[in-house]
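sequence unknown, structure follows:
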């Protein structure tokens, strides 16, 4: 919104303004929607023979801190269970919204019926930029899933899986 800098002379004035003060008459004509929940999660297929059933499992708090732009799943630690790696953050927002940089990516393991966050110092996965894509690739021909990660306005990242099969 180019008029924000003209309408508000300081960040404090903008931060304390109501939506009506920011958008004026345009607010009453805006399309309105309602959401019951905004958490990220997955639907787990718990169907049994002839009975379709899914349960909702929210991601842990750490995974809720930034928008998720891409997810890779694979058995990255060699335990026979799929893990998730989330590409997060968003730096291309409108000026009045600001950057959404609440996380350095998120590595999730499934344990005891829920997702557990693996600390970046243990997983080696650190994605602090505006990460947009994750692709599985075998970079070194060892038949393990490695990662190539695309970031907005930044370099490609490669993560080599050093776990043994």
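Perfect, I can see it now. The structure displayed is predicted, hence computed values, not measured ones.

Would you state the helices of this protein in chain order?
Using DSSP state H, the helices of the chain run over residues 3-7, 11-16, 19-23, 120-123.

could you dump the ones you listed to CSV with mean neighbour count and mean pLDDT?
C-beta here means a position set from N, CA and C on the backbone, and glycine is covered the same way. Below are these laid out as CSV (neighbours: other Cβ atoms under 10 Å; pLDDT from 0 to 100):
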stretch, mean neighbour count, mean pLDDT
helix 3-7, 11, 75
helix 11-16, 10, 87
helix 19-23, 13, 87
helix 120-123, 13, 90
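
Tell me which of those approaches residue 64 most closely.
helix 120-123 (16.5 Å; Cβ to Cβ).

ok now the closest one, how far from the chain's centre?
Taking Cα atoms, centre = their mean, to the nearest Å, one finds helix 120-123 lying 17 Å from the centre of the chain it belongs to.

With stretch 80-88 instead?
Distance, centroid of stretch 80-88 to centroid of chain: 11 Å (Cα atoms, centre = their mean).

Show me what counts as buried in it.
For stretch 80-88, the neighbour count (16 or more other Cβ atoms under 10 Å) marks 83-88 as buried.

quick one: terminal-to-terminal distance for stretch 29-38?
The first and last residues of stretch 29-38 sit 24 Å apart, counting by Cα to Cα, to the nearest Å.
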